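Engineer: Quick one, structure for this:
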Amino acid sequence: MTKWVRLRLIAAAVVLTGLFGALAAKTWTVQIRDGEKLVALGHDQWLHEVEIPAPRGTILDANGVELAVTVNVDSAVAYPREVVDVAEAAGRTARALGMDVRDVEEKLASSRQFEWLKRRLAPDEARRVRELGVPGVRLVPEPRRFYPGGPLAGPVLGFAGRDGKGLDGVELALDAHLLGESARMNVIRDRRGDMVMATDLDPRGAVAPPSASAGATVVLTIDRFVQFIAERALAAGVRDNKAKAGTAVVMDPRTGEILAMASSPTCDPNDPGSAKEGRNRPVVDAYEPGSVMKVFSIVTALDAGAVKPDDPIDVEGGKLQIGKRIIRDAHHGPSILSVTEVVKTSSNVGATKIARKLGRDKLAEGLIGLGFGKRTGIQLPGEAAGRVRPPETWGEAGLATVSYGYGMQATPLQIASAFSAIANGGQYLPPTVVKKIVDSDGKVVFEHSPRARRVLGERAARQMVEMLKQVMMKGGTGEKIVLPGFVLAGKTGTARKLDPATKQYSMEHYMSSFMGFAPADDPRLLILVMIDEPHGGQYYGGSVAGPVFVAIAGEVLKYFGVAADAPIVAPQPPAAHLPPAASSAPDEPEIEILPDDDVSVIPDFTGLSVGQAVDLARARGVKIEVEGTGRAVRQFPAPGRALKSITCHVTFDPG
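Structural biologist: Numbering: from 1, shown residues only. Got it, this is the predicted structure:
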């Protein structure tokens, strides 16, 4: 061999040896050093773990009627790699789904393996897609939360999102119970990423978890029929009174169970977008409740022994001055009223005098004991706590206003729950909307068991019931509220609303309310109705909220088969030539003193000389317009109006 041949052979041998060495090194790297990592990467390509979502639990009413269920509906999906003609497929699919063709074309031309086209289709849309036969466009089942009653109890139920998680109402509050436990399963995919088979055994030796466990069944205390009656009556009351909104709570005072909780406007949980206005007002909204609070301030005084039902109270003709402030009653009757008559006629002055006898610390303690200023703990999200200011900040005016429902805030649920304690002989039962929870194995994991706590003596509660019965009789503020065959116990309320712009109490915007229970001596049903800003010509609680109470109570008592406890007397129509007689008592007194000591009120100029009136107006910072001479005989606005920057026209008569 020549020298060059030998060199070429040696060079080839070296190259081959190097190549074999590199191959050996690579083999060692792949098989030994990175072997486990590469095997795992391979598994990830063809072995895929998918989550099997658990069916969300069902929500039932008290009688087992479905209020929320989970059903499978069709969703349209695309597998872009299977699409043959993108333009044609996009056009046909867009028409079937009612979508923009450009959006569909973009999804069909995607480089991804999978694209959602439109989720949770209507039946007609699903049928059209099924009939298309477009390669790469398919229907897949997807769980959807469905509410068979539509808007019935919508704000209470809330709704669940696309991921199956609760977002509001019972759906959110009990999400942990309703969700259930998902499972995971291994599937084998082909080169396009499509599943070709499912397996319960991971090739690496791990056994897949058991099948998904369905969510628990939640049984509510809500009765579907009672809820329907309450919502219908409330909607009619809001409509007839041209009101902004309304609230109704129906409960069993013996157990604390909420039978219905209505809000107007309401919402349909099948359309979560409607939830913006349809919030659960009885739970999340707190108000200055007005005269209904006299029940609780006076029963606290009865319980403390500060007054007795027959004790005389000097209401000074319905007018009481505290510093620069004036408290007025809307009617002017006798100067001396019994405690019972104070409740019957809803006297602001009387409530103030009784609160003085009780004292601010004991009044605050009594209100807090009845549940005001703290959450009830009901199984619903967003509950407001309300507010009871520390008594040391009240002053004389604050004590007066708190006694008849101003200078504090309470939710409708708090008011109804405290009222039920009176109906229940002084025993407070926390309100509940959940009767029981049953897991997927049929095991009861929660069952409501009423746990009462005494907040009032039985004697004081009984005395207040008798007073509330008087409210509904002739001369009482609730005399127009009649349910034939039943003796009622109740209380009207009319509260002026604070204008956030002027920081003063409005003369046009009111919260009208009525709360009552029936039968009065053996309560089976307690109802609270609140109508927000009525503008139908009436704003007194008895005239606005009272008819809603009657509409609900009449139907529900029949539904429960509660026997009448009073003779049914047919109303006598007035004679043809005579107008109907007017009520002997006003529906509800008005507030004439404000809890804010910085707000001035129009003073009473009647009986003053011109000079005295001018001096008084200057001292109070009120503009005055004088007409005539002598003594003041008329003025407009009336005394006590809580407005600044207003001119008061005063007429004088020299006689």
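Engineer: Next, the closest residue to residue 468 other than its chain neighbours: phi, psi?
Structural biologist: Using C-beta to C-beta, 6 or more residues apart in numbering and skipping the chain neighbours, the partner closest in space to residue 468 is residue 489 (3.7 Å). Bear in mind the C-beta positions are built from the backbone N, C-alpha and C, glycine included. Torsion angles at residue 489 (phi, psi; degrees, to the nearest 10) stand at phi -130, psi 130.
Engineer: from memory residue 489 sits against residue 514, does it?
Structural biologist: No - applying C-beta atoms under 8 Å as the test, residue 489 and residue 514 come out as separate, 11.6 Å apart.
Engineer: in the chain, which residue is closest to the centre?
Structural biologist: residue 280 (1.7 Å; C-alpha atoms, centre = their mean).
Engineer: State the pLDDT value of that residue.
Structural biologist: Residue 280 is assigned 95 on the pLDDT scale.
Engineer: which residue packs closest to it, ignoring adjacent ones?
Structural biologist: With C-beta to C-beta, 6+ apart, the residue lying closest to residue 280 is residue 155, at 3.9 Å.
Engineer: Not counting sequence-adjacent ones, nearest residue to residue 392?
Structural biologist: Distance criterion C-beta to C-beta, 6+ apart; nearest residue to residue 392, sequence neighbours excluded, is residue 360 at 8.0 Å.
Engineer: can you pull the contacts of the one you found?
Structural biologist: Contacts were defined as C-beta atoms under 8 Å, 6 or more residues apart in numbering; by that measure residue 360 touches 391, 392, 394, 398, 399, 402.
Engineer: same thing but 6 Å
Structural biologist: 391, 394, 399 (C-beta atoms under 6 Å, 6 or more residues apart in numbering).
Engineer: just residue 357 next, same as before
Structural biologist: By C-beta under 6 Å, 6+ apart, the neighbours of residue 357 are 306, 307.
Engineer: Alpha carbons only: can I get the helix or strand encompassing it in CSV?
Structural biologist: Element membership for residue 357, per DSSP states H and E: helix 348-358. The C-alpha coordinates for helix 348-358 follow below in CSV (Å, rounded to 0.1, in the frame of the first residue of the first chain):
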residue,chain,number,x,y,z
ASN,A,348,-93.2,59.8,67.9
VAL,A,349,-93.5,61.9,71.0
GLY,A,350,-94.8,58.9,73.0
ALA,A,351,-91.9,56.7,71.8
THR,A,352,-89.4,59.4,72.8
LYS,A,353,-90.9,59.8,76.3
ILE,A,354,-90.8,56.0,76.8
ALA,A,355,-87.2,55.8,75.6
ARG,A,356,-86.3,58.5,78.1
LYS,A,357,-87.8,56.3,80.9
LEU,A,358,-85.8,53.4,79.7
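Engineer: Quick check: can you name the pairing partners of the helix or strand hosting residue 494 and their directions?
Structural biologist: Assigned by DSSP H and E, residue 494 belongs to strand 489-499. Using DSSP bridges, strand 489-499 pairs in its sheet with strand 504-518 (antiparallel).
Engineer: contact partners of the strand it pairs with?
Structural biologist: 287, 292, 419, 423, 486, 488-499, 523, 525-526, 528-534, 539, 541, 544-546, 549, 553, 594, 642-643.
Engineer: After that strand, which helix or strand is next?
Structural biologist: Next helix or strand after strand 504-518 toward the C-terminus (DSSP H and E): strand 525-532.
Engineer: What are the buried residues along that next one?
Structural biologist: 525, 526, 527, 528, 529, 530, 531, 532 (16 or more other C-beta atoms under 10 Å).
Engineer: Could you report the neighbour count for the residue nearest to residue 468?
Structural biologist: 27 (other C-beta atoms under 10 Å).
Engineer: Please name the bridge partners of it.
Structural biologist: When bridges are called by DSSP bridges, residue 489 pairs up with residue 517.
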